[in-house]
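**Q** give me a model of this one.
(8 chains, ligands or ions: 10)
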Amino acid sequence: MQVVEGSYAIAHAVKRCRPDVISAYPITPQTHIVEDLAQFVADGELECEFVPVDSEHSAMSVALGASAVGARAYSASTSQGLALMWEVLYNVSGMRLPVVMTAVNRAMSAPLSIWNDQQDTIGARDSGWIQIYVEDIQEAHDAMIQGYKIAESKDVMLPLMVCADGFILTHTYEPVVLAEQIEVDDFLPPYEPEYFLSVDNPLSFGCFAEPDKYMEFRYMQHEAMDRARIKIKEVADEFGKAFGRYYGGLIEGYNLDGAEIVLLTFGSIIGTIKEVVDREKNVGILKIRSYRPFPLVEIRDALKDAKVVAVIEKDFSAGFEGALFTDVKAALYNHINDLKMLGFVVGLGGRDVRADDILEIIKRSKSAMDGGITDEWQFIGLRGELL
Amino acid sequence: MQVVEGSYAIAHAVKRCRPDVISAYPITPQTHIVEDLAQFVADGELECEFVPVDSEHSAMSVALGASAVGARAYSASTSQGLALMWEVLYNVSGMRLPVVMTAVNRAMSAPLSIWNDQQDTIGARDSGWIQIYVEDIQEAHDAMIQGYKIAESKDVMLPLMVCADGFILTHTYEPVVLAEQIEVDDFLPPYEPEYFLSVDNPLSFGCFAEPDKYMEFRYMQHEAMDRARIKIKEVADEFGKAFGRYYGGLIEGYNLDGAEIVLLTFGSIIGTIKEVVDREKNVGILKIRSYRPFPLVEIRDALKDAKVVAVIEKDFSAGFEGALFTDVKAALYNHINDLKMLGFVVGLGGRDVRADDILEIIKRSKSAMDGGITDEWQFIGLRGELL
Amino acid sequence: MKNLFASGHRACGGCGMAIAIKLILEATGENVFVVSPTGCLEIVSSPYPETSWRVPWIHSLFENAASVASGIEAGLKALGRKDEGKVLAIGGDGGTADIGMGALSGMFERGHDVTYICYDNEAYMNTGVQRSSMTPIGASATTTPAGKVSYGEIHPKKDLVSIAVAHGLGYVASASVGYAADLMDKVKKAVDHDGPSFIHLHSSCCTGWRHPSSKTVEVMRLAVLTGLWPLYEVVDGEVVNVKRLAKRLPVEDYLKTQGRFSHLFKTDEGAEVIRQIQAMADANAEQYGLDLDIEE
Amino acid sequence: MKNLFASGHRACGGCGMAIAIKLILEATGENVFVVSPTGCLEIVSSPYPETSWRVPWIHSLFENAASVASGIEAGLKALGRKDEGKVLAIGGDGGTADIGMGALSGMFERGHDVTYICYDNEAYMNTGVQRSSMTPIGASATTTPAGKVSYGEIHPKKDLVSIAVAHGLGYVASASVGYAADLMDKVKKAVDHDGPSFIHLHSSCCTGWRHPSSKTVEVMRLAVLTGLWPLYEVVDGEVVNVKRLAKRLPVEDYLKTQGRFSHLFKTDEGAEVIRQIQAMADANAEQYGLDLDIEE
Amino acid sequence: MKLRIGAIADPGTSVVNLTGGWRTEIPRITPELCIRCFNCVIYCPESAVKYSDKEGIYFDYDYCKGCGICSNECSGHAIYMEMEEK
Amino acid sequence: MKLRIGAIADPGTSVVNLTGGWRTEIPRITPELCIRCFNCVIYCPESAVKYSDKEGIYFDYDYCKGCGICSNECSGHAIYMEMEEK
Amino acid sequence: MKELRIHGRGGQGSVTAAELLAIAAFRDRKYSQAFPAFGAERRGAPVMAFMRVDDEPIRIRSQVYEPDYVMVQDASLIGVVDFMSGLKDGGILLINTPKSPEELGLKGNFTLRTINATAIAKEMIGRPIVNTTMMGAFAGVTGAVSLHAVIYAVKERFRGVAGDNNAKAIKRAYDLMIEGVSS
Amino acid sequence: MKELRIHGRGGQGSVTAAELLAIAAFRDRKYSQAFPAFGAERRGAPVMAFMRVDDEPIRIRSQVYEPDYVMVQDASLIGVVDFMSGLKDGGILLINTPKSPEELGLKGNFTLRTINATAIAKEMIGRPIVNTTMMGAFAGVTGAVSLHAVIYAVKERFRGVAGDNNAKAIKRAYDLMIEGVSS
Ligand SMILES: Cc1ncc(C[n+]2csc(CCOP(=O)(O)OP(=O)(O)O)c2C)c(N)n1
Ligand SMILES: Cc1ncc(C[n+]2csc(CCOP(=O)(O)OP(=O)(O)O)c2C)c(N)n1
Ligand code: SF4
Ligand code: SF4
Ligand code: SF4
Ligand code: SF4
Ligand code: SF4
Ligand code: SF4
Ligand SMILES: [Mg+2]
Ligand SMILES: [Mg+2]
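**A** Ligands and ions are numbered 1, 2, ... in the order given. As a prediction, the model looks like this:
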């Protein structure tokens, strides 16, 4: 174990995956990751093509081209950058290219904010990318390695983004076990795609599909996501065996036994919540690791003994409510209809989420359990004097 | 009434709104709208700045700049183009600029498809834009005029997209009442924003917000969406009075009285569904006009006597299910828990939705009502031989 | 012929671009990776499960061909497969000079070993003849139509060759589908050149330009012969191998072949625009020394 | 002074860009609409509710300043407010030459009456000194760091002035924060010019270039005096008003002032790179006729 | 047919699309006039003009769209177009 | 303070941010040496060098960040920097 | 409701024919709808367009699978395209060809009419653009739209001499069909 | 768990100090966490960094509101920044200044220590970069990290002579604090 910056841990893990092509465009708070990788290259520690592109749109396009030719490709971005590569995101997944990226979570402009929330990757939830949200730096590091194995699996062949809270994880120093090369080499086989661009078998990539076929291509993506559900769990298990660290498959419970109130969420906020929950009775945590594919069945199973579920997230769909809140309720409908579901929006644009905020959420959840009245969906931590 | 192409009707309505600046980039099947507008300009029928930009990103950015300076701005796009302007979409809404656009619905690449589905605008549901989905050409025409009034209302000040199914509405000819200039002038006041860029009062637009303020700006967007709920209804009423045509406010029911099975959907598919439903007993339709803001309360109210709700849509969130299906279930949870909710994906990438498909959906809904087993969420119209 | 661009593609009969592709691949041979942005080329050549390409080919989006090509080049390098083939991007004027301009500039600047060929049919043809930054002055396009108060496009074409040269490219050339041998020669040079190279290729679209399909090659030649489309190379910043004209034809000879210019022949304003176009041809002649001095 | 750029902005002490903005606004006066992309300028000048701007100003995104400026110009025209003021975009090298290149090229091509000034501090400073296409050869930036097997940036700077000229602009100029009067003069000309105009403005970032904050102006001047940053205008395609140098200084005089080049002075490879940089200065001298012939 | 992921197609498969059906006019050759300039071969957008030493210039009517370029560019005026009866 | 929609700010409001606190060194002037070249006024990034006929060159210490440019560029060597004690 | 499917080639005005027929039908005080088979087809490639006409407002938006009428603008499509697909029992098939119905030898429970629209168009309009002529024939054969309305719709689109010539071609085609003449 | 807040100016190495203290604490076989106050501050502007140390793994990720320790790297911040905000009762405030605690006249239920780190750094490191020196002082004053670990962390980062010099400065500062000397 070693005290390193989150970004360094992520860059280190990426290095260990032996990417052939790295292509990224700087944007706060993703920069340190890419800078560390650039330094590895400049120091001869990592042999790969590092392509310093002109934009995020190009970053993902370079990764796409590299992946199509059979190279293992990496990128990283956040918020504005992710939005700028939007079209390419859908394209990469539709082309079934297993590009892996670190999506550092940051708020969306306007107003511009370089600070953390999860509006950016949440907005990419339809894009056909697998999304793994991580809780701490170690998990971020480990998820990069797992990520390639999941994405490149023949059953899956989908791109994958590891979503890590900006600043909170990328700019924090804490003790991390950095993977050894030999460990990763043993765990992660080289990328050997079934189809790739080559002069020997000159395939055409990126054909268009007329109405008599398009829908089936989309369905195949859906099926791949279904298979990814299994693969993610498998890889988590294998990783656990190889590295001795396990974070759950699609979800992970914490203090769920007998919990009447379950705080359901993802990302770095879980650390603070655990701290709080340890001091509470009958309050558990359900952590969503894989947001896409969405763990429908697992969530139903994990919540079956709960009374109140408080979904906590750093995003919302303007004109509706928090996206995770929506998704969880939808997953339960038709199955478990008697829960009291509450949604809480916290920490937008870097608003710090304090233990007190979590306590407030627990308080309101308890009140809801006892039949008290509370809004179904609400913002926590607003500064009323500004409104 | 006059038989015109859908695109022409839309272009005509836009012309009647007297936009100051039009900025759009061609993309099938949006092109005819923009071409018609270009011809109006070339023929001196419409006085405005028509800016033929280099990309959709620029199209929306030009609209943004024009709107900031106090001009009424219009754009139109679809699918790939909408994805390319993604970052600007969030920016325009965050800057609270009431740009109005026609978002022609088309599938997302890859594989490339120029044909209709709703994956594109569905993917923009978090972006802070008001989204109005229309059923036919007349409604598309009328929604453009309503759109400016809603968006520019002092209470709202949010951008708005009218979502119209590509080809199916844009390339079809049918009888439409084209608004007269005087009618529209009476209905729609000139755009007179409270804040705009000017040398006389040199404000700064687009400042950034630190963590102590960002969240409140987002909350204000949320509140504006709430107010938009009311405004959309008001404007629909006013429009009904002025023009004699009314399509519902946020939602519209059809044959809902006593309906045990409700087909819930939006867009052009409703025409075909009405045709089918007229021949069925106890089957009604709930049409979502305003998808954002999402009509939570109205939906609950409309569905309270239903038994089975079949949500039909032309999109899905990869790794989960149809987005509308998700949203509707979420809106019901905590309120109406005893419905059988079914989700159906149809018509992706231009797959024609036939009356038979609707009948099949009704059949499956009936079977579900009678306790039969059917998947909760399924694709209709797949060609199994391709899979 | 190698027929690396297979028959059965869906281009309009008489499409200049279709001629261009077969000639380009004839010149490169089969050891080449081709990237195309969205546009007529992509649409006519790749309706799944059909493709007309017999070389490895990829289409991603409308605006990112240069970046995808960069990625392929980087990938081949990283995988030690650089010798397998050269990387070639072939894009329309819209995909190159408008929406793809940023990516192109980036690819140039980073010095990727990629040849980029822009087949310039002077409008967005795939979507129905909308103007691009390459649509010439006076042409009617669907977003800059001729009309009661308009004579069509008002901006001159972007000078892509000069822009490429300004990026410091070692090999840049203009070419025309009407001059097959010249084109193939230039393609070979461009592909052989190390680092980025660029060819700006004039390519008629009979549908969009509105001339009979049989006239494609003839019309292309007229563009050259009137001085509106000079043929030349720029090697390390020096203009060389200018195709000189024994007798430059008046621009009307070119304009009148095409429906997109027909309105110019109907009004006084149109006549003025034609004079303007003639002046542009004259300026080209001056700049590139097009006119063969008979005395010489 | 008009102080249209208010004190209290948050730029690092000694920031060249801060000097640039005050001089630019001094030259334009208050009747101007300013657009800035994301970058140091935007971040240091506009933390809500504070702004340093006393002219109407807008920031939207990192890559769309030219398009937003186009929209403002179009809007003013449509509203009959064109006389209210000129439109000015001021962007960093990244926002201009990399991510904003497509939008810039489009704005040029469409002929909007906008002056675009790129303050070039030769890297992405706002995000922590990552390389841009404007980072000079040999400079260490955080994404092209000097390291055991690297001497930093390997690509020459994009020649933005030539690119703008290739777009057919009537007024293009290079300028330097080290030459205030020259800069203000050029800004006035650019703004007065009808249609698009462009100024490429060298602007030191003491933080990123790693020199003492007090040396900003001095370092900028050294760039000019070594021939690495020629000052000139291009009017209707002709290079004019070149600032000529009585005695051109060796490039080391410039390089050694800055930490970003310090590694070059430590290795043989570095020495070779310095020779390469000197050759670039010599080439500039040749191309622009920088050296005053003492005989003259 | 099962779809292949990513809509990846095998080389040259467009030959199944017989575009000859698009034709309204059809090129014919008068072999005696042919001077072997090969303009027809070079400029046919469909690669539908073939040549063999034995047969000289001939057409692949499976793909010929009848555009008329070969005829227009024929140095020997050897190729003429005629309306095609179907 | 109520937020204004769109994060729109009133002109010149950054003056509330007194950046003088950032300073570690402080510029001082020896008026006799000043030759009125105004380099200091022109090049101060903070617009913190002022001039009036009466007072000559003086500094606005509310904003001066102590960068030292004025001193470095002073033609008359009239401006010097010293460590600031706080 | 009656449904028409038009087969033609890219560039031959099939969509315009459908559109103008919809306008004509509306002129007849019926409700109508016209639309192309949405696609990316190039000039020369086979294309389709559709038209619906009804006494009630038309709400259905799916494609036409079982047309009452099929109109083939270009005889070269015979053998290339399955234009008889779904044609209703007792439906009408109208083909532009110099051949007689018998010569075509098409079998099925439908009425087959042929017309040499190309010849008529060449003669009366001066160009082999057959779409308007075919509209006249369609009116004559089916009665789904009136001759008067077809001429109205075409003259609204093509003003002056062009309109007059088109009208003449339409009338001629209409008359031939009414007279029961097939080419 | 103990929490530290460091106040400094952009460019003075406050984040590095927090980082190296976290490394040192880990070297002491404790768990630690360090992070900056995330922001866009430019060189010269006031900045903050935080460090936590505990015997258990640290999971909390909110900012530090009630620090046990506050360290001020730059006396010029006095009066500019509210560095005493939230300082725990009985906490420790360590300021780099030539002044004595008394001269500063700060009141509250905390221990105030001062050290002339700038002088030490200038003397021993040759530059007025005080972050490492302050780390030594911090170790001496708080005992939250050991001297040995601080030196270890700093020497891992700065090799050779620089490391040695830094170590000396650290040791000096540590000793001064242990001896109870305030500047
Ligand atoms: C982001 C995006 N915007 C617009 C389109 C629509 N589109 C596809 S091809 C095309 C025009 C292509 O023009 P050009 O590059 O000149 O090629 P051409 O079709 O003329 O050969 C357009 C506008 C798209 N596919 N993607
Ligand atoms: C789409 C997008 N990508 C990346 C960023 C992050 N970003 C903001 S400013 C900046 C660098 C600005 O560089 P430059 O334009 O040279 O201006 P400078 O900061 O150097 O003055 C970057 C990379 C962003 N805001 N948006
Ligand atoms: S539209 Fe033009 S460019 Fe496109 S295939 Fe037809 S002729 Fe070729
Ligand atoms: S980082 Fe550089 S450009 Fe940015 S404010 Fe500081 S000195 Fe200026
Ligand atoms: S007519 Fe056209 S397609 Fe046919 S052979 Fe001649 S050139 Fe080729
Ligand atoms: S173009 Fe004519 S002359 Fe030349 S080879 Fe062909 S048929 Fe013979
Ligand atoms: S030290 Fe710098 S900020 Fe202060 S007055 Fe001088 S130039 Fe201005
Ligand atoms: S720079 Fe020096 S000499 Fe010049 S005006 Fe200022 S103080 Fe006087
Ligand atoms: Mg084109
Ligand atoms: Mg910069």
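**Q** going forward, measure contacts and count neighbours with C-alpha atoms only.
**A** Noted.
**Q** isn't residue G:139 up against residue G:147?
**A** Yes - between residue G:139 and residue G:147 there is a contact under Cα atoms under 8 Å: 5.9 Å.
**Q** what are the boundaries of the helices in the stretch 1-150 of chain A?
**A** A:6-16, A:31-42, A:56-68, A:79-84, A:86-94, A:119-122, A:137-152 (DSSP state H, counting those that start in this stretch).
**Q** ditto for chain C
**A** Listed in chain order, the helices found in chain C under DSSP state H are C:16-28, C:40-45, C:65-78, C:93, C:101-110, C:160-166, C:180-192, C:206-209, C:216-225, C:251-255, C:268-288.
**Q** follow-up on the earlier one: shared neighbours of residue G:139 and residue G:147, which are they?
**A** residue G:174 (Cα atoms under 8 Å, 6 or more residues apart in numbering or on different chains).
**Q** thinking again about what came up before, tell me which of the helices of the stretch 1-150 of chain A sits nearest to residue G:10.
**A** helix A:86-94 (29.8 Å; Cα to Cα).
**Q** tell me which other helices or strands that closest one touches.
**A** Identification of packing neighbours for helix A:86-94 by 3 or more Cα pairs under 8 Å, 6 or more residues apart in numbering or on different chains; DSSP states H and E yields helix A:56-68, helix B:79-84.
**Q** from the chain's centre, how far out does it sit?
**A** 16 Å (Cα atoms, centre = their mean, to the nearest Å).
**Q** equivalent analysis for stretch A:348-366, please.
**A** Here stretch A:348-366 is found 22 Å from its chain centre; the criterion is Cα atoms, centre = their mean.
**Q** what does it contact?
**A** Contact with stretch A:348-366 is made by A:106-108, A:113-118, A:261, A:269, A:272-273, A:275-276, A:308-310, A:314-315, A:342, A:344, A:346-347, A:374, A:380-381, B:210-212, B:214-215, B:218, H:62-63, as judged by Cα under 8 Å, 6+ apart.
**Q** low-confidence ranges in the stretch 1-150 of chain C?
**A** When residues are selected by pLDDT under 70, none of them lie in the stretch 1-150 of chain C.
**Q** re earlier: check the helices and strands packed on helix A:86-94 for me and report the most buried one.
**A** helix A:56-68 (a mean of 32; mean count of other Cα atoms under 10 Å in any protein chain shown).
**Q** which residues touch residue G:118?
**A** Contacts of residue G:118 by Cα under 8 Å, 6+ apart are G:96, G:97, G:128, G:129, G:130.
**Q** with chain D in mind, check whether stretch C:266-282 reaches it.
**A** No - against chain D, stretch C:266-282 shows no contacts by Cα under 8 Å from any Cα of the partner chain, the least distance being 13.0 Å.
**Q** tell me the secondary structure at the closest residue to ligand 2 within chain E.
**A** Nearest to ligand 2, among the residues of chain E, is residue E:6, at 27.5 Å (Cα to the nearest ligand atom). Using DSSP: H, G, I helix; E, B strand; the rest coil, the structure places residue E:6 in helix.
**Q** rewinding a little: nearest to residue B:155, of the helices of chain C?
**A** So among the helices of chain C, helix C:101-110 is nearest, using Cα to Cα, at 38.8 Å.
**Q** strands along chain G, start to end?
**A** Using DSSP state E, the strands of chain G run over G:2-9, G:31-36, G:46-54, G:69-72, G:91-96, G:110-115.
**Q** want to throw these into TSV with mean pLDDT?
**A** Output for those, formatted as TSV (pLDDT from 0 to 100):
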stretch	mean pLDDT
strand G:2-9	96
strand G:31-36	97
strand G:46-54	96
strand G:69-72	97
strand G:91-96	97
strand G:110-115	96
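**Q** what does the stretch 51-200 of chain A put close to ligand 2?
**A** Taking Cα under 6 Å from any ligand atom as the criterion, the stretch 51-200 of chain A approaches ligand 2 at residues A:80, A:81, A:84.
**Q** closest point of chain G to ligand 3, which residue?
**A** For chain G, Cα to the nearest ligand atom, closest residue to ligand 3: residue G:42, 5.9 Å.
**Q** so that residue makes contact with residue C:10?
**A** Yes - between residue G:42 and residue C:10 a contact is recorded at 6.7 Å, counting by Cα under 8 Å.
**Q** what distance do you get for residue E:67 to residue C:253?
**A** 22 Å (Cα to Cα, to the nearest Å).
**Q** now do residue A:384
**A** 73 Å.
**Q** just residue E:15 next, same as before
**A** 38 Å.
**Q** one more: residue G:157?
**A** The value you get for residue G:157 to residue C:253, if Cα to Cα is used, is 32 Å.
**Q** repeat that for residue A:23.
**A** Residue A:23 is 50 Å from residue C:253, by Cα to Cα.
**Q** the two: which has the busier surroundings?
**A** residue A:23 (27 against 14; other Cα atoms under 10 Å in any protein chain shown).
**Q** residue contacts, residue A:130?
**A** Neighbours of residue A:130 in contact, by Cα under 8 Å, 6+ apart: A:158, A:159, A:160, A:161, A:225, A:290, A:291, A:292, A:293, B:319.
**Q** if we use 7 Å, what do you get?
**A** Counting by Cα atoms under 7 Å, 6 or more residues apart in numbering or on different chains, residue A:130 touches A:158, A:159, A:160, A:161, A:292, A:293.
**Q** which of those fall within strands?
**A** Per DSSP E, these map to strands at A:160, A:161, A:292.
**Q** so which of those is the closest to residue D:68?
**A** Comparing the ones in strands among the contacts of residue A:130 against residue D:68 with Cα to Cα places residue A:161 closest, at 31.5 Å.
**Q** sorry, back to before: dump the helices and strands packed on helix A:86-94 to CSV, plus distance to residue H:81 and mean pLDDT.
**A** Listed next are the helices and strands packed on helix A:86-94 as CSV, based on distance: least, Cα to Cα, whole Å; pLDDT from 0 to 100:
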stretch, distance to residue H:81, mean pLDDT
helix A:56-68, 38, 98
helix B:79-84, 44, 98
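**Q** of all those, which lies closest to chain C?
**A** Closest of the helices and strands packed on helix A:86-94 to chain C is helix A:56-68, at 3.8 Å (criterion: Cα to the nearest Cα).
**Q** please see if that closest one touches chain E.
**A** No - using Cα under 7 Å from any Cα of the partner chain, helix A:56-68 never reaches chain E; the gap is at least 10.4 Å.
**Q** anything in that helix near ligand 1?
**A** No - if you take Cα under 6 Å from any ligand atom as the test, helix A:56-68 misses ligand 1, and the best it gets is 11.4 Å.
**Q** now that helix against helix C:65-78, angle please.
**A** In terms of direction (axes from the mean of the first three to the mean of the last three Cα atoms, to 10 degrees), helix A:56-68 departs from helix C:65-78 by 40 degrees.
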